[in-house]
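>>> Need a 3D model of the sequence below.
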Amino acid sequence: MSNLLEIRDASRQVSDSFSLRNANLSIGSGEIVGLVGANGAGKTTLIRAALGLLKLDSGYAALFGEPLAADTPDADVRRLRSRVGVVFDTCPYPSEITVSQVGTCIAPAFPTWDSTCFEALIERFGLEPKKKMKSLSRGMGMKLQLACALSHDADLLILDEATAGLDPLARDELLDELRDYASTGDRGVLLSSHITSDLERIADRVVGIDAGSIIFDMPREQITDVAGIAHCTAEQEQRILACVDGARAAKREFSCDVLVPNRFEFAEAFPEVPCDRTSIDDYLHFILKGNN
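Residues are numbered from 1 along each chain as shown. Model prediction:
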């Protein structure tokens, strides 16, 4: 079966100071993929490439096994995009229209729009149909965008910093919805987020991007359950870097810390050195700032 989304060797000179460089990304059925990186790293640019909104200098992007190229007929592009639900970091709907009017406005753009589903979702999410957009909280706005995405039977959800600024309860509810969505049928999710604890909860894979280049793409468990951070002396650090493939060191104020790919194997080789589990934040820090 084809991937829901695939980007291969994608490059684009976006400005004098920034370019997307040989980027690769894929999302298969049932996958939730987390995309992490600092502000300006290229997350939104990569999402634009995935949707065919960014003309590539080289490489290609495809949705559901069909290419999004410069010569792809507009009708085919619209058909493919209609199978994608996008949730932005800010709600894009006009401030004076109501929740129910949002559904009315969006419906003509999607042949698969299901008004009954939309009405059921806004009720389930606690959204008042007659409430205007300008009076919705950030969390309610995110839920409305998600209701719209789910009401046209999208096969792929793309969320760009959608959980930023949400209170913990709203974040938990949104993450639960994404997990349920991806577990049903041939669906997938791409979630770009600074809140890496969200990705630690639901992501199957984590992709890191920096300066327009993909710097890692690996199963989430490999980061949070297998990799580790060893706390050592300067002398031990040199031995670890010499003996452990893939180890990366980063100086701390009062200690030397080393990222190791497998903390279980490390514990056998260096039983005298304490080694803790790592987080996605720590992993990204060591990949960007560490040395080997």
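>>> Low-confidence regions, the chain specifically.
Scanning the chain for pLDDT under 70 picks out 1.
>>> Please, where are all the strands along it?
Secondary structure of the chain (DSSP state E): strands at 5-13, 19-27, 32-36, 58-63, 66-67, 84-87, 156-160, 188-192, 205-210, 213-219, 228-232, 248-251, 256-260, 275-277.
>>> Just send those back as JSON lines, with mean neighbour count and distance to residue 143 too.
The way it works is simple: take the backbone N, C-alpha and C, and place the C-beta from them, glycine included. Below are the strands of the chain laid out as JSON lines (neighbours: other Cβ atoms under 10 Å; distance: least, Cβ to Cβ, whole Å):
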{"stretch": "strand 5-13", "mean neighbour count": "19", "distance to residue 143": "24"}
{"stretch": "strand 19-27", "mean neighbour count": "20", "distance to residue 143": "23"}
{"stretch": "strand 32-36", "mean neighbour count": "26", "distance to residue 143": "18"}
{"stretch": "strand 58-63", "mean neighbour count": "19", "distance to residue 143": "25"}
{"stretch": "strand 66-67", "mean neighbour count": "14", "distance to residue 143": "31"}
{"stretch": "strand 84-87", "mean neighbour count": "23", "distance to residue 143": "10"}
{"stretch": "strand 156-160", "mean neighbour count": "24", "distance to residue 143": "12"}
{"stretch": "strand 188-192", "mean neighbour count": "24", "distance to residue 143": "16"}
{"stretch": "strand 205-210", "mean neighbour count": "22", "distance to residue 143": "25"}
{"stretch": "strand 213-219", "mean neighbour count": "16", "distance to residue 143": "29"}
{"stretch": "strand 228-232", "mean neighbour count": "21", "distance to residue 143": "36"}
{"stretch": "strand 248-251", "mean neighbour count": "18", "distance to residue 143": "39"}
{"stretch": "strand 256-260", "mean neighbour count": "23", "distance to residue 143": "37"}
{"stretch": "strand 275-277", "mean neighbour count": "16", "distance to residue 143": "33"}
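>>> out of those strands, nearest to residue 142?
Of all those, it is strand 84-87 that lies closest to residue 142, at 6.5 Å by Cβ to Cβ.
>>> Direction included, what does that closest one pair up with?
Partners of strand 84-87 in the sheet, by DSSP bridges, are strand 156-160 (parallel).
>>> gap between the partner strand and the chain center?
8 Å (Cα atoms, centre = their mean, to the nearest Å).
>>> Is it possible to get the strands of the chain out as a markdown table so that each row also shows distance to residue 122?
Formatted as a markdown table, the strands of the chain follow (distance: least, Cβ to Cβ, whole Å):
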| stretch | distance to residue 122 |
| --- | --- |
| strand 5-13 | 27 |
| strand 19-27 | 27 |
| strand 32-36 | 24 |
| strand 58-63 | 27 |
| strand 66-67 | 32 |
| strand 84-87 | 15 |
| strand 156-160 | 17 |
| strand 188-192 | 21 |
| strand 205-210 | 31 |
| strand 213-219 | 35 |
| strand 228-232 | 44 |
| strand 248-251 | 47 |
| strand 256-260 | 45 |
| strand 275-277 | 40 |
